[in-house]
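Chemist: let's see this in three dimensions:
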Amino acid sequence: MERYRVSLEDEERATLEGLVGKGKAAARKIAHARILLLADAGHDDEAIAEAVAVSARTVARARQRLVTEGLAAALDHRPQPPRPDKVKIKGDVEQQLVRLACTDPPEGRCHWTLQLLADELVALGLVASLSTETVRQALKKTTSTPGWCGPGASRPTPTGSTSGAWRT
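Modeler: Below you'll find the predicted structure:
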């Protein structure tokens, strides 16, 4: 593993010391500032990792980002890369799922299970593969349940009177 040598300028060191001294930043940012200050002082990765309570790999990554990308990149959190759209059930497929869930279950069954619904959507050719969790999440988004016309999954329970009056 290549080791990156940290050498801070006076202005950078003052910025990092001010950040650590105030303690009014994100914990990760303060930890990385401490890592860079200790690395500039000549400490090895294991000692820095122990002092800051992070892994040696975190110390190595902070060093590398400082040398290759600069101080701001070494301190700021790198955002996660955008993920592809993983929603398999949307639009017409969601309508078909709700419609299917509201129909009578197959013979020999008293109700639809998540697995039965997933298998049926695959058998109909609407999706290539589908997990029961995906079906559950899609059904959870809907506000209708069979036999109930109001929103939500259950009927609200009546509450007693809070006036404190005696019942006669």
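Chemist: so which elements touch the helix or strand bottoming out on mean pLDDT in the chain?
Modeler: The helix or strand of the chain with the poorest confidence is helix 132-141; it has a mean of 87 (mean pLDDT, DSSP states H and E). If you count contacts as 3 or more C-beta pairs under 8 Å, 6 or more residues apart in numbering; DSSP states H and E, helix 132-141 packs onto helix 92-101, helix 114-123. No exception for glycine: its C-beta is placed from N, CA and C like everyone else's.
Chemist: next, format those helices as a markdown table and append distance to Ala47, mean neighbour count and mean pLDDT.
Modeler: Formatted as a markdown table, those follow (distance: least, C-beta to C-beta, whole Å; neighbours: other C-beta atoms under 10 Å; pLDDT from 0 to 100):
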| stretch | distance to Ala47 | mean neighbour count | mean pLDDT |
| --- | --- | --- | --- |
| helix 92-101 | 55 | 16 | 89 |
| helix 114-123 | 52 | 17 | 92 |
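Chemist: between these, which one is closest to Asp45.
Modeler: Asp45 lies closest to helix 114-123 among the helices and strands packed on helix 132-141, at 48.3 Å (C-beta to C-beta).
Chemist: what sits up against the least confident helix or strand of the chain?
Modeler: With contact meaning C-beta atoms under 8 Å, 6 or more residues apart in numbering, helix 132-141 is reached by 88-89, 94, 97-98, 101, 114-115, 117-118, 121.
Chemist: any chance of the helices and strands packed on helix 132-141 in JSON lines, plus distance to Leu19?
Modeler: Shown next, in JSON lines, are those (distance: least, C-beta to C-beta, whole Å):
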{"stretch": "helix 92-101", "distance to Leu19": "48"}
{"stretch": "helix 114-123", "distance to Leu19": "49"}
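Chemist: just to revisit the earlier point, the contacts of helix 132-141: which two are farthest apart?
Modeler: Spanning the widest gap among those are Glu94 and Gln115, at 18.0 Å by C-beta to C-beta.
Chemist: low pLDDT regions in the chain?
Modeler: Applying pLDDT under 70 to the chain flags residues 1-2, 83-87, 142-168.
Chemist: mind giving me the domain split of it?
Modeler: Domain assignment of the chain by automatic domain parsing yields the ranges 10-75, 92-141.
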